[in-house]
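Chemist: How does the following fold in three dimensions:
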Amino acid sequence: MTSSDRRPASGGLVWFDEPAPPRRTEQLSRERIVSAAMDMADREAAGEFTMRALATGLGVRSPMALYRYVGSKDGLLDLMSDQVYGQLTVARGEGWRAALHTMGSTGWDAVQRHPWFARLAFSRPPLGPNALDLYESALTELDPLGLDAATRMRCVETVLGQVFGSGLALLEERTMRARVGLHTDDELEKAVEPYLERVAAAGRHPHFIRWVTDPGRHAPGPQPFDQVLEWVLDGLATVVARGGSAPA
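Modeler: Numbers count the residues shown, from 1 in each chain. Below is the predicted model of the structure:
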């Protein structure tokens, strides 16, 4: 995930004209490489790794041994991304809202386990088998609504966009916390206290300060993403109700 990696291939999608990977050995297989890369990305705050570090972790001398199984660094990223797409599910036979809700909630679970997935979802096309299965399942559940193809896909992409946008924010925050050494919310709040005191004294942002000083601002309730997902689905319900047509 860094530009310093040397790629023997052009960076094309692994799904395009990919040769069959070599026979698995005791040390290497496509599955083992993908699993090790995902574990390494999970451990790094920014979700980045180099092919050389991955090769070392797998006990091989050169990254070239890995390329025989995955084609290129981009090919490996495609395989990693599609592996996570396989963790998203769509409720079947319970209506469009349940279908999109399970897709969104399982997607949020997935990006919390693998924050780097959100970045790959924006940078690598979702053309792997798991991604295609996910889209097919979601579109199938929307089909009875009689919406046109573009509107059905926009409904799916609206929910996934919320998942990936929230996941990217999570990744960036995790990267920031690791960089500045503020790992908990308490540490972060203590660090910004002097600045917020100056903002309050200036008196220019009273509504923001009222929120900051409200002891109930973090009151127990639905998880933030769950609430946002419900808002998104409420909005899509208006699209469904008018048959996908634009408002007058």
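Chemist: What segments of the chain are strands?
Modeler: Ranges of strands within the chain: none, based on DSSP state E.
Chemist: Helices of the protein, residue ranges please.
Modeler: 30-43, 51-57, 64-70, 73-85, 96-113, 116-123, 129-142, 149-180, 185-202, 206-212, 224-241 (DSSP state H).
Chemist: other SSEs contacting the first one?
Modeler: Other elements packing on helix 30-43 under the criterion 3 or more Cβ pairs under 8 Å, 6 or more residues apart in numbering; DSSP states H and E are helix 51-57, helix 64-70, helix 73-85. For every residue, glycine as well, the C-beta is placed using N, CA and C.
Chemist: C-alpha coordinates for the second one, PDB please?
Modeler: Going back to what we said before, that points to helix 64-70. This file holds the C-alpha atoms of helix 64-70, laid out as PDB (Å, rounded to 0.1, in the frame of the first residue of the first chain):
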ATOM      1  CA  MET A  64       9.100 -12.100  -6.300                       C
ATOM      2  CA  ALA A  65       8.000 -15.400  -4.800                       C
ATOM      3  CA  LEU A  66       4.700 -13.800  -3.700                       C
ATOM      4  CA  TYR A  67       4.100 -12.200  -7.100                       C
ATOM      5  CA  ARG A  68       3.800 -15.700  -8.700                       C
ATOM      6  CA  TYR A  69       0.700 -16.200  -6.600                       C
ATOM      7  CA  VAL A  70      -1.000 -12.700  -6.700                       C
END
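Chemist: which other residues reach it?
Modeler: 8-9, 14, 21-22, 28-30, 33-34, 51, 54-55, 58, 60, 76, 79 (Cβ atoms under 8 Å, 6 or more residues apart in numbering).
Chemist: buried residues in it?
Modeler: Neighbour-count burial for helix 64-70 flags 65-67, 69-70 (criterion: 16 or more other Cβ atoms under 10 Å).
Chemist: Can I get these in TSV including distance to Ala138?
Modeler: Below are those laid out as TSV (distance: Cβ to Cβ, whole Å):
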residue	distance to Ala138
Ala65	38
Leu66	33
Tyr67	34
Tyr69	31
Val70	28
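Chemist: Could you point out which of those residues is nearest to Ser105?
Modeler: Ranked by distance to Ser105 (Cβ to Cβ), the buried residues of helix 64-70 are led by Val70 at 30.5 Å.
Chemist: How much space separates the closest one from Leu196?
Modeler: Val70 sits 48 Å away from Leu196, going by Cβ to Cβ, to the nearest Å.
Chemist: that older thread, would a markdown table of the helices of the chain with distance to His218 and mean pLDDT be doable?
Modeler: Output for those, formatted as a markdown table (distance: least, Cβ to Cβ, whole Å; pLDDT from 0 to 100):
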| stretch | distance to His218 | mean pLDDT |
| --- | --- | --- |
| helix 30-43 | 27 | 96 |
| helix 51-57 | 38 | 96 |
| helix 64-70 | 43 | 92 |
| helix 73-85 | 29 | 96 |
| helix 96-113 | 18 | 97 |
| helix 116-123 | 24 | 96 |
| helix 129-142 | 33 | 97 |
| helix 149-180 | 16 | 94 |
| helix 185-202 | 9 | 89 |
| helix 206-212 | 11 | 91 |
| helix 224-241 | 10 | 93 |
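Chemist: Just say which of these is most tucked in.
Modeler: Ranked by mean neighbour count, the helices of the chain are led by helix 73-85 with a mean of 23 (mean count of other Cβ atoms under 10 Å).
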